[in-house]
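[1] sequence plus the predicted model coming up.
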Amino acid sequence: MFPKIFISACLLGRPVRYDGKGKRLDHPAIARWQAEGRLVGFCPEQAGGMPTPRPSAEIENGLAGADVIAGRARVIEITGGDVTSQFLEGGRKAIEFARAQGCAYALLIDGSPSCGSGFIYDGSFAGRRHVGNGVTAALMREAGIAVYSDREIEALAACVDMHTAT
Ligand code: SF4
């Protein structure tokens, strides 16, 4: 089998982050998967219609992606704008894209209110982290896509190797 991997576009170095930069992940597995044509990059926030650069955003009140999906929390920019609908739209488009590409796995950068899967920030814009998913990561997990953070790339590599061998 040949599983494809959805990857946060910023991890490929694409300049899609709120600050107009990328955040390339240099790892031998990335180079190998790129050579094998397994990686498909996507930025949910851009897909949701947000410009680059853009104000940083966090999920309010120490809540997480599942709360945003359920309508219990908003995603708020540091400048006060409510970007909840853009984050939800971007997440839905990410799922559609991942399904269309046949992605069984996702490698998402941690800490983002979209792509975070191990931790996110608490909405205070004070650099305080808590355990939780961003909006896209939560939607992907609901959709049955196996989500790994950039810090878990070794575990993802082991899983992909096993999947490929079967
Ligand atoms: S939404 Fe995801 S892919 Fe886009 S810049 Fe943020 S962390 Fe990177």
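    Received the coordinates, thanks.
[2] which pLDDT value goes with the residue most central in space within the chain?
    Of all residues in the chain, the one closest to the mean position by Cα atoms, centre = their mean is residue 115, 2.3 Å from it. Looking at residue 115, its pLDDT is 98.
[3] is it true that it touches residue 109?
    Yes: between residue 115 and residue 109 a contact is recorded at 5.1 Å, counting by Cβ atoms under 8 Å. Glycine gets a C-beta too; all of them are placed from N, C-alpha and C.
[4] okay, and the common contacts of the two?
    residue 8 (Cβ atoms under 8 Å, 6 or more residues apart in numbering).
[5] one step back: which one is the residue nearest to the centre of the chain nearest to, not counting chain neighbours?
    Closest residue to residue 115 apart from its sequence neighbours, by Cβ to Cβ, 6 or more residues apart in numbering: residue 108 at 4.0 Å.
[6] list the residues that contact the one you found.
    So residue 108 contacts 6-8, 115-117, 134, 136-137, 140, 147-150 (Cβ under 8 Å, 6+ apart).
[7] just those residues now: which is nearest residue 48?
    Closest approach to residue 48 among the contacts of residue 108 (Cβ to Cβ): residue 136, at 9.2 Å.
[8] assign a three-state SS to the closest one, would you?
    Following DSSP: H, G, I helix; E, B strand; the rest coil, the label given to residue 136 is helix.
[9] do I have it right that it meets residue 92?
    No: the criterion here is Cβ under 8 Å, and residue 136 misses it with residue 92 at 9.0 Å.
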